[in-house]
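Undergrad: Predicted model follows, preceded by the sequence.
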Amino acid sequence: MIILDNHFHVDPINGLFLEAVKQFHRAGGTHLVVVYKSAHDYGFGGMKGEDFMRAMDFHVELVEIINKETPVKAYAVVGVHPAEFDYLARARGIEYAKREVMKALEHAQRLCLDGKAIGIGEVGRPHYPVPEEIWEASIEIMKYAMALAKEADCAVQLHTESFDEEKFRELGRYVREVGIKPYRVVKHFSPPLVKVAEEVGIFPSIIASRKNIEEAIKQGTRFLMETDYIDDKRRPGAVLGPKTVPRRTKELLQKGILTEDDVYRIHVENPEKVYGIEL
């Protein structure tokens, strides 16, 4: 059975790295979408576009190591986290930060075009209060990332504040404005609003708590599952542990809440469609 975690971080400096991947595999996991963490976490300054680019290249190398040294098939998603933009904007000014981050996102697009990554992300807007001008600039960068993804025909994974139906509809307006294919836009850390997400043209990636997945499956199978595992020894198991997606999938299958067809759609058909890959 193929089981994919759609949002998983690795960190060879602060975390468990390959051990976390092996824990995922021992629990029954087979495929990982490994998402860029931050330049700072990877030991780069995060003060200019080249720092982010080097961090992305480093991230791609980490994914290559996973594929060589574990049985798990891993795919890279690369971008600039909105918290990195916020930090840089406060330190060096918004226009400088926008220019450097956009330059870095163009590198992320190149990595996708070269087949080294399958998506741009996580990008978006901060999940905490920021000044209005940083908020507006974050939206501008998010749209730019979507436009780059549209041009490359690749996915984009979005990081945002907590979402509800109204915010999904706002994001749907941006998707239509940019003109990106609706199945290419992934809302990471999504609430289980599967029908609303489909209506507005966004693909939800839902945190794999029991309650979330039970609620999501009532509305259909058009979603992905994720842990947002952070891989930080100081915060073990944050947000969810590396074993969660395979364990939750098998538990809900055993209880009859998910069928084998449901599991196939969520873990195979959906990621193949979103990322244009073959599992």
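TA: Here it is on my side, so go on. Residues are numbered from 1 along each chain as shown.

Undergrad: where's Met225 relative to Arg210, distance?
TA: To Arg210, Met225 is 12 Å away according to C-beta to C-beta, to the nearest Å. C-betas here are computed from N, CA, C, even on glycine.

Undergrad: same question for the helix or strand where Ala216 lies, mean pLDDT?
TA: Using DSSP states H and E, Ala216 maps to helix 210-217. The average pLDDT within helix 210-217 is 98.

Undergrad: I'd say Ala238 and Ile207 touch.
TA: No. Ala238 sits out of contact with Ile207 when judged by C-beta atoms under 8 Å, with a separation of 11.8 Å.

Undergrad: So those two - more neighbours on which side?
TA: Each of Ala238 and Ile207 has its neighbours counted (other C-beta atoms under 10 Å); Ile207 has more, 21 against 14.

Undergrad: Could I get the pLDDT score of the more buried one?
TA: What the model reports as pLDDT for Ile207 is 97.

Undergrad: For it, give me phi and psi.
TA: Dihedral pair for Ile207: phi -60, psi 130, per degrees, to the nearest 10.

Undergrad: circling back to that earlier point, and Met225 and Arg210? which has more neighbours close in?
TA: Higher neighbour count among Met225 and Arg210: Met225, with 27 against 13, using other C-beta under 10 Å.

Undergrad: tally of neighbours for the nearest residue to Leu253 once chain neighbours are set aside?
TA: Using C-beta to C-beta, 6 or more residues apart in numbering and skipping the chain neighbours, the partner closest in space to Leu253 is Val263 (5.9 Å). Val263 is flanked by 19 other residues according to other C-beta under 10 Å.

Undergrad: Test my guess that Lys150 contacts Pro182.
TA: No. In this structure, Lys150 is not within contact of Pro182 by C-beta under 8 Å, at 11.1 Å.

Undergrad: Going by residue numbers, what spans are strands in the stretch 101-250 of the chain?
TA: Taking DSSP state E, counting those that start in this stretch as the criterion, the stretch 101-250 of the chain carries its strands at 119-124, 155-159, 185-190, 203-207, 224-226.

Undergrad: Okay, and the beta partners of the closest residue in space to Ala197 that isn't next to it in sequence?
TA: Spatially, and ignoring its direct neighbours in sequence, Ala197 is nearest to Pro204 (4.3 Å; C-beta to C-beta, 6+ apart). Beta-bridge pairing for Pro204 (DSSP bridges): Lys187.

Undergrad: Isn't Trp140 up against Lys98?
TA: One correction, residue 140 is Glu, not Trp. Yes. Contact criterion C-beta under 8 Å: Glu140 and Lys98 qualify, at 7.0 Å.

Undergrad: just to revisit the earlier point, show me the common contact partners of Met225 and Arg210, please.
TA: Arg248 (C-beta atoms under 8 Å, 6 or more residues apart in numbering).

Undergrad: what secondary structure does Asp11 sit in?
TA: Reducing the assignment at Asp11 to three states with DSSP: H, G, I helix; E, B strand; the rest coil gives coil.

Undergrad: Just give me the neighbour total for it.
TA: Per other C-beta under 10 Å, the neighbour tally for Asp11 reads 18.

Undergrad: can you pull the contacts of it?
TA: By C-beta under 8 Å, 6+ apart, Asp11 lies in contact with Phe17, Lys37, Asp41, Tyr42, Ile230, Asp231, Asp232.

Undergrad: what are the phi and psi values for it?
TA: With angles defined as degrees, to the nearest 10, Asp11 sits at phi -150, psi 100.

Undergrad: Quick check: closest non-adjacent residue to it.
TA: Asp231 (4.4 Å).

Undergrad: Show the contacting residues for that neighbour.
TA: Taking C-beta under 8 Å, 6+ apart, we find Asp231 in contact with His9, Val10, Asp11, Asn14, Gly15, Leu16, Phe17, Ala20, Lys37, Pro242.

Undergrad: Okay then, goodbye and thanks.
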